[in-house]
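A.B. asks: how would this look folded up:
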Amino acid sequence: MFKKLSALSKFEVNIALDDKGLFIYTLVFPALYFIYAFFSSSHDLTNLAIRYHLLGFWSYIILSGILNQVITAMISMRENNFLKMFTFISGDRRLIFYANLIPQTLVIQAEILIFDIIAAVFYRPDLEILEFMFACWLLNFIIIPVVAFYTSFLLAIPMRTQTLGVFMTGYLLLALLLSYGTTSKLLNILLVIINPSSFVVGVYSLFFAQTDLMTTLITVSVAGLAYVIVGNVIVAKMSLNSVISR
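C.D. replies: Okay, here's the model as predicted:
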């Protein structure tokens, strides 16, 4: 099993590094927008304001990376009948998903690290913010796989490659729009459960939340564990046939 996973991961690494165009969408765009927003607003930000600014960019990089480099890749492989071939070789759809997820987690972490360096140059943060950024970066090694399983339900939706980009863009924008929650405690809990971007923001907020800390901790823990379990089932049962051939 581990030999197959290692071989597939090496193959996926080559694909990930070869498709450099995606970095414009997942790194260059948020970095340029961050610089624009920095010069368009007040530079005298509190530590809390800096944290909230960073959360949105991290959430975008993680979710856009997962959608474009993991979920879209799996759907494209299915529609091109490569998924059927690799499943025959590996014996398990989940190995293909893991083999894609492992290198993409490292790629996304590299993107966030580069973005954090850019943010640090402009913000010139104190030690408290630097420690916060580093702690969140380490936590991403858990967050990124959980988000991948959060969005795995998309693998069960019959989508053609022609409409894939439009659907993923709409889903990404909607998820980010809902990520900062509302004044309703119950609705915020519901958003963490159903929205991966709200989940990401909820996990990060554990480092500085002043109220409802225990509620948030329980919600993200239960939701994250549930989606890892359900996501594994979805990946294991996803169809190998393209939409056209069904």
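
A.B. asks: okay, now residue 115: neighbour count?
C.D. replies: Neighbour count of residue 115, defined by other Cβ atoms under 10 Å: 21. C-beta: built from backbone N, CA, C; applies to glycine.

A.B. asks: give me the element it is part of.
C.D. replies: helix 93-123 (DSSP states H and E).

A.B. asks: Flag every buried residue along that helix.
C.D. replies: Neighbour-count burial for helix 93-123, counted by 16 or more other Cβ atoms under 10 Å, picks out 93-105, 107-109, 111-112, 115-116, 118-119, 123.

A.B. asks: Per-residue pLDDT of residue 12, please?
C.D. replies: In the prediction, the pLDDT value recorded for residue 12 is 62.

A.B. asks: try the one 10 residues further on
C.D. replies: According to the per-residue confidence, residue 22 scores 73 in pLDDT.

A.B. asks: Help me confirm that it comes into contact with residue 68.
C.D. replies: Yes: between residue 22 and residue 68 a contact is recorded at 5.6 Å, counting by Cβ atoms under 8 Å.

A.B. asks: And the two? Which one has more around it.
C.D. replies: Neighbour count, other Cβ under 10 Å: between residue 22 and residue 68, residue 68 has more, with 20 against 16.

A.B. asks: close enough to count as contact, that one and residue 168?
C.D. replies: Yes: judged on Cβ under 8 Å, residue 68 makes contact with residue 168 at a distance of 6.8 Å.

A.B. asks: Going along the chain, name the helices of the chain.
C.D. replies: In the chain, helices defined by DSSP state H lie at 2-18, 22-23, 29-40, 47-66, 72-79, 82-90, 93-123, 127-150, 161-177, 185-194, 196-205, 213-237, listed in chain order.

A.B. asks: Can you give me the buried ones in the third one?
C.D. replies: Of the residues in helix 29-40, those buried under the neighbour-count criterion (16+ other Cβ under 10 Å) are 30-31, 34, 38.

A.B. asks: Straight-line length of stretch 149-156, end to end?
C.D. replies: From its first residue to its last, stretch 149-156 covers 12 Å (Cα to Cα, to the nearest Å).

A.B. asks: That stretch: how far from the chain's middle?
C.D. replies: 12 Å (Cα atoms, centre = their mean, to the nearest Å).
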